[in-house]
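> no sequence for this one, just the structure:
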């Protein structure tokens, strides 16, 4: 566990690229003082990280950025989602509070205690969640200023078999799940993703995970901000849980690069 890893990195792309690849759940790093607030022993924590981490998604995004014709920007969380989950609502709007997985998790993927009863996560919200949200907002604003539009592509993965924390785990689990938003996911973006990922055995929409990330400043307010979540079933590219990647990673990176280029070309066509 790294005592003080950087909380997030913004990796620059082409100056005029509208694309921001967002990788929020790829890290396993937990600062030592945060680790002390987690009740799991070391072995149980390693297993929980295996289950909850979107392993290798940062590598997929990095390889895609290298392969793309117009290099996208990348915003990569450097801390585990067990520190804070930057994609949750930080208040009562978050449905995952029902299973102890709001912005600050208090339960594990198997609905067991992660933090003590009555844990106050306010300090973690102030130290990590709020700066992350502000930096993502600034990154989107910068793409709007540079390109006149911003396209946030979330890069995630999910287990082949449902875990007990999933609220909607009884639905389809396609090789590629595309998470959408009724305001911020235009039809052309969804169509481009379906075409880019057509070679992996099928795509689905909003099952087992739905929605996508848009900063609250822009959410429901600015249609120049488009967004799509790419959820990759883990058997497509790695050994579960938490194991090594295999050749599927390179194919996925190529597909993601194709989507990035399609987004850039859509802007030229428009």
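Yep, it's here. Here the structure is a predicted model, which means the values were calculated and not measured.

> buried stuff in the worst-scoring helix or strand of the chain on mean pLDDT?
When the helices and strands of the chain are scored by mean pLDDT, DSSP states H and E, helix 248-269 comes last with a mean of 91. Residues 248-249, 251-264, 266-267 are the ones in helix 248-269 that count as buried (16 or more other CB atoms under 10 Å). Using the backbone N, CA and C atoms, a C-beta is placed for each residue, glycine as well.

> Please apply the same query to stretch 110-123.
Under 16+ other CB under 10 Å, the buried positions of stretch 110-123 are 114-115, 119, 121.

> Could you report the distance from the residue nearest to residue 58 when sequence neighbours are not counted to residue 65?
Nearest residue to residue 58, sequence neighbours excluded (CB to CB, 6 or more residues apart in numbering): residue 26, at 4.0 Å. For residue 26, the distance to residue 65 equals 14 Å [CB to CB, to the nearest Å].

> still on that earlier bit, closest to residue 37 out of the buried residues of stretch 110-123?
residue 115 (5.8 Å; CB to CB).

> neighbours around the residue nearest to residue 58, how many?
22 (other CB atoms under 10 Å).

> separation between it and residue 15?
25 Å.

> Residue 245 too?
In terms of CB to CB, residue 245 sits 31 Å off from residue 15.

> okay, those two: which has more neighbours?
Applying other CB under 10 Å to residue 245 and residue 15 shows that residue 245 carries more neighbours, namely 16 against 10.

> for the more buried one, which residues make a bridge with it?
residue 238 (DSSP bridges).

> Let the chain start at 455 from now.
Renumbered: residue one is now 455, and that last one reads residue 699.

> does it really touch residue 511, like I thought?
No. Using CB atoms under 8 Å, residue 699 makes no contact with residue 511, being 10.1 Å away.

> all strands for this structure, in order.
Secondary structure of the chain (DSSP state E): strands at 462-465, 473-477, 527-531, 604-612, 630-633, 657-659, 679-687.

> I'd like those strands laid out as a markdown table, including mean neighbour count.
What follows is the strands of the chain, written out as a markdown table (neighbours: other CB atoms under 10 Å):
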| stretch | mean neighbour count |
| --- | --- |
| strand 462-465 | 16 |
| strand 473-477 | 26 |
| strand 527-531 | 23 |
| strand 604-612 | 24 |
| strand 630-633 | 23 |
| strand 657-659 | 17 |
| strand 679-687 | 25 |
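
> need these in JSON lines with mean pLDDT and distance to residue 592, can you?
Output for those, formatted as JSON lines (pLDDT from 0 to 100; distance: least, CB to CB, whole Å):
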{"stretch": "strand 462-465", "mean pLDDT": "98", "distance to residue 592": "9"}
{"stretch": "strand 473-477", "mean pLDDT": "98", "distance to residue 592": "11"}
{"stretch": "strand 527-531", "mean pLDDT": "98", "distance to residue 592": "10"}
{"stretch": "strand 604-612", "mean pLDDT": "98", "distance to residue 592": "11"}
{"stretch": "strand 630-633", "mean pLDDT": "98", "distance to residue 592": "23"}
{"stretch": "strand 657-659", "mean pLDDT": "98", "distance to residue 592": "30"}
{"stretch": "strand 679-687", "mean pLDDT": "98", "distance to residue 592": "13"}
